[in-house]
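Novice: Give me the fold of what follows.
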Amino acid sequence: MQICYYYQILDTGIVYEKGKTGGRIWKPGERRRLREELFFWRDILEYVSMEEKGIDCSERLFRAMNSMCEKYKLPNYERILKLKEEIVKDTCVFETDKEEEIKINQLILKLLNDAEKNLRHFKGKAMVHRILCILHNFPKVMHGNNILSRNCHPISYQNVWTYAQGYMNDKMREEYGKYLF
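Specialist: Below is the predicted model:
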């Protein structure tokens, strides 16, 4: 499967969760579901790394996605599962700058880890939402035109950083900025 689809699936998941995590307190089961999805997103980044080495991970990806959809109602992934055959056979090729890709993947992992840490706190929902807002455009840099969402347009490396900074305080800018510059 083409690497750009992994990033599109990651993008779809993050955007969906960003829209769902508003509010002040956690709903019952929300932290558990989101933690599982954060692990899934980390796996997607691992699959990208494996795909770059020539190891096809599409079956693992779709098995994990299907498992989550069976456990939780996630219409964003259910829609993608219906397109599985089309996605696997497609040749959507998008070349990225390798150095940028490494930096962005490291930052995405850092943000996912920070979100997971805040899931442990009863009052961490606002910070998790903020991290998802910071995170949500980074996968877009890595996939060009989105086949899975026609309304999604590519974004430049510089624009994604500018957008993300709008959600950051000074401490976050310093901490996350070292991954990009």
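Novice: What ranges in the protein fall below the confidence cut-off?
Specialist: 92-96, 144-153, 181 (pLDDT under 70).
Novice: could you dump stretch 45-61 to CSV, C-alpha only?
Specialist: Backbone C-alpha positions of stretch 45-61 (Å, rounded to 0.1, in the frame of the first residue of the first chain) are rendered in CSV as follows:
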residue,chain,number,x,y,z
LEU,A,45,3.8,5.5,11.9
GLU,A,46,5.5,2.2,12.5
TYR,A,47,3.8,0.8,9.4
VAL,A,48,5.1,3.7,7.4
SER,A,49,8.6,2.9,8.5
MET,A,50,8.1,-0.8,7.6
GLU,A,51,6.6,0.1,4.2
GLU,A,52,9.6,2.2,3.4
LYS,A,53,11.7,-0.9,4.0
GLY,A,54,9.5,-2.9,1.5
ILE,A,55,7.3,-4.7,4.1
ASP,A,56,3.6,-4.5,3.2
CYS,A,57,1.6,-3.7,6.4
SER,A,58,-1.8,-3.0,4.8
GLU,A,59,-3.4,-6.2,6.2
ARG,A,60,-2.2,-5.4,9.7
LEU,A,61,-3.5,-1.8,9.4
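Novice: Report the buried residues of that stretch.
Specialist: Across stretch 45-61, burial judged by 16 or more other CB atoms under 10 Å covers 45, 47, 48, 51, 57, 58, 61. (Glycine included, C-beta is placed from N, CA and C.)
Novice: OK, contacts around residue 127?
Specialist: 115, 118, 121 (CB atoms under 8 Å, 6 or more residues apart in numbering).
Novice: ranking those by neighbours, who comes first?
Specialist: residue 115 (26 neighbours; other CB atoms under 10 Å).
Novice: so that one touches residue 132, yeah?
Specialist: Yes. Using CB atoms under 8 Å, residue 115 is in contact with residue 132, at 6.8 Å.
Novice: And the strands in this structure?
Specialist: Secondary structure of the chain (DSSP state E): no strands located.
Novice: okay, which residue is most central for it?
Specialist: What sits nearest the mean C-alpha location of the chain, by CA atoms, centre = their mean, is residue 10, with 3.5 Å.
Novice: Where do the helices of the chain begin and end?
Specialist: 3-20, 30-52, 58-71, 75-82, 84-89, 98-119, 125-135, 138-141, 157-165, 170-177 (DSSP state H).
Novice: coming back round to it: switch the buried residues of stretch 45-61 over to JSON lines; also include distance to residue 90.
Specialist: What follows is those, written out as JSON lines (distance: CB to CB, whole Å):
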{"residue": "45", "distance to residue 90": "21"}
{"residue": "47", "distance to residue 90": "16"}
{"residue": "48", "distance to residue 90": "16"}
{"residue": "51", "distance to residue 90": "14"}
{"residue": "57", "distance to residue 90": "16"}
{"residue": "58", "distance to residue 90": "11"}
{"residue": "61", "distance to residue 90": "14"}
